[in-house]
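Undergrad: generate a structure from the sequence data that follows.
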Amino acid sequence: MIRNIIRLSILALLVSCGGDDGPPPAPQGALLVFPEENSECTTGTDVNQFSTQVTFRWMPSENTDTYTLSVVNLDSNVPQNVSTTSTSASLTITKGTPYAWTVTSRNSDSDQVASSETWLFYNAGSETTYAPFPAQLVKPVSGSTIQMDIANEVLLEWSGADVDNDIDSFEVFFSETNPPTTTVGTTNSSTMELSVSVSSGTIYYWKVVTTDLEGNTSDSGVFDFKVL
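TA: Residues are numbered from 1 along each chain as shown. Take a look at the predicted model:
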């Protein structure tokens, strides 16, 4: 009887000490706070006539040890990255320039990462009116290989935004050459998709030029995809 009790006690100890606790918890995506989405950031501290220092803020996310802030100049597509254990970080950025920013959450015990939404904003300058944000090309994903539909077409999708909220139109360029120079259609401010005819085994390039009511324009940059 005593032996059985001892055996059961040892077994319980082994189970409690050597049991599989499962994988470490994955980090969660952070909620962005400031600069606000599709806004003009006017609270930066002047560094010189060309630049301001802006403090980016976000909410803490679960199961996260460190955050990586990424801020991309949408005119040059040059990113700035900074890692921190805090929920804010300051960067010096150019005045009168559109930016995209996002935060990546990491946990040292997990090989998984989580990304926040991507927000766009203009860093305030001397402008009284701003060009639209460059359209964000959504589908097809750049570099992907996709299947055309039964009508031998592919649907191009993008998103657009403007601080002044005065987008007039989107002009879509699409061709087999890079950069694409053929206009295949122009949509109004509320239509952000367009079907285009394609051929199997061909690589295509596309971009979107956004125009506002003041005549200001922005260029999305070029995406490419291959049709099966």
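
Undergrad: so what's the residue nearest the centre of the chain closest to, chain neighbours aside?
TA: Nearest to the geometric centre of the chain sits residue 118, at 3.9 Å (C-alpha atoms, centre = their mean). Distances taken as C-beta to C-beta, 6 or more residues apart in numbering place residue 102 nearest to residue 118, at 4.5 Å, with adjacent residues excluded. Every residue, glycine included, has its C-beta placed from N, CA and C.

Undergrad: contact partners for that neighbour?
TA: Contacts for residue 102 were tallied using C-beta atoms under 8 Å, 6 or more residues apart in numbering; they are 32, 69-70, 115-119.

Undergrad: would you confirm that it belongs to a strand?
TA: Yes - using DSSP: H, G, I helix; E, B strand; the rest coil, the assignment for residue 102 is a strand.

Undergrad: that one pairs with what?
TA: On the basis of DSSP bridges, residue 102 is bridged to residue 70.

Undergrad: now it: how far from residue 117?
TA: Separation of residue 102 from residue 117 (C-beta to C-beta, to the nearest Å) stands at 7 Å.

Undergrad: same question for residue 35.
TA: Taken as C-beta to C-beta, the span from residue 35 to residue 117 is 13 Å.

Undergrad: those two: which is more packed in?
TA: Per other C-beta atoms under 10 Å, whichever of residue 35 and residue 117 has more neighbours is residue 35, with 25 against 12.

Undergrad: quick one: distance of stretch 170-177 to the chain centre.
TA: Relative to its chain's centre, stretch 170-177 lies at 22 Å (C-alpha atoms, centre = their mean, to the nearest Å).

Undergrad: same question, stretch 203-214
TA: Taking C-alpha atoms, centre = their mean, the mean C-alpha location of stretch 203-214 is offset from the chain mean by 18 Å.

Undergrad: mind listing what's buried along it?
TA: 204-212 (16 or more other C-beta atoms under 10 Å).
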